[in-house]
Every structure is written in C-alpha cells, then in structure tokens.
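Trainee: My questions are about this predicted structure, shown below with the sequence.
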Amino acid sequence: MKEIQDTWAKKAKEEGYRSRASFKLLQINKPHKLIENANMIIELGSAPGGWSQVISKLKKNNAKCYAFDLLPMKNVKGIDFSNLDLFSVEFEEFTENLATKVDLILSDMSVNLSGIKLIDDESNKQLNFFCLDLSKKILSTKGALIIKTFTNENLKSLKLEFENAFERVFVEKPKASKTSSAEVYLLGLVPK
C-alpha cells in the first residue's frame, strides 16, 4: 500500500507540484470544473502551494485567486498570497471589503495534530465551521465550498450542516489520499 502512496508523491515531483495534495484537488475538481468556471476564488490554508498550483493552471486568465496561510508560501503565478491568520482583524477586513462575491472557497486545512484525538477532532471541527460560516457570508449564488474534514463522529453533523446550507453535497475521498488516512473532503454546491 505504501508503494501506491509513494506513487502520488513521486508523480507530484515529476510534474512539478509541491505536494501530492495537488492530485487530490485535481480529482475532486475534475467532474465539477469548479476552478475553470470561477471568477473569484479564495483558498484557505494554502501552504506549501500544491492546491495553488492547480488553481493557477486551471483558472481562467482573468479569474482572481486569493490564498491565505499562517505559514509562508513561495510565489505561485496568478495567485495573490497573504501570510495571514484567518482569525485576524486583517482577514475579517479583507472579507468585508470584497468588491464581488466569491465563486469558490477551498480549504485543505487541518490543525497541527496533538495526537489527542478528542482535542484534534474538536479543533478541526472548529476550522470546518469557520469555513462554512465564511461561505455563508461571501459565496455567490452559484458558489461552491470544498473543505478537508475527517471520518469521525463530527462528520455526520457537519454533513448535515452542509446539507442545510447547499443544494448538493458530496463526500469525496480522492485516490491520491492515503488509504490509511481518515481525511475526506466535503463539497457543497449552490448555497441555499
């Protein structure tokens, strides 16, 4: 199994992607063409830039993409990166001053794991709800939200919240995800 996982890491290196995560986004995006159809994109937790590279490659030339992370990130062509805390006044001001609604919000964020399952699950749940709350404020009427979450006891309630917020909801487990990992992605399409 490890060999299969290493295949994605190797493929990422060969294709010039910064991480295997690039393939996760490519696989989630492919059936929906979310990036290609968006004019305004916000990526949360963008470092090291694997998803930003995919966005840069697939987005329309005139589409804007703003990426944010606490960690530094090397430049990606066509991506406007800010080294910002999402819970900061600066980020709040950014979202309040957007001139246009956002078509796509993406988050591959996870908290730094402590190894204490209960704490990690709760912290990730808070991040997930932060993304969902943000989407309710800034998504366009045909917008979409993609977030990383985990198959744990929080998934059911989170999926229910997504179903209350979006017309269509998908739980995605991309092939490039480690099979041993509990990570899944929730995709919400068209806010209610």
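Mentor: Cool, got the structure. Numbering: from 1, shown residues only.
Trainee: list the contacts for Lys173?
Mentor: 184-185 (Cβ atoms under 8 Å, 6 or more residues apart in numbering). (Each C-beta comes from the backbone N, C-alpha and C, glycine too.)
Trainee: so how far is Asn124 from it?
Mentor: With distances taken as Cβ to Cβ, to the nearest Å, Lys173 is found 16 Å from Asn124.
Trainee: for this structure, what spans make up the strands?
Mentor: According to DSSP state E, the chain carries its strands in the segments 40-44, 64-69, 80-83, 102-107, 139-150, 166-172, 183-191.
Trainee: Same list (those strands) but as CSV, adding mean pLDDT.
Mentor: Shown next, in CSV, are these (pLDDT from 0 to 100):
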stretch, mean pLDDT
strand 40-44, 98
strand 64-69, 98
strand 80-83, 97
strand 102-107, 98
strand 139-150, 97
strand 166-172, 97
strand 183-191, 97
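Trainee: Who is the closest residue to Leu44 other than its chain neighbours paired with across the strands?
Mentor: Excluding the flanking residues, the one nearest Leu44 by Cβ to Cβ, 6 or more residues apart in numbering is Ser107, at 4.2 Å. With DSSP bridges as the criterion, Ser107 is bridged to Leu44, Ile147.
Trainee: I figured Ser107 hits Ile42, correct?
Mentor: No - if you go by Cβ atoms under 8 Å, Ser107 and Ile42 don't touch, sitting 9.0 Å apart.
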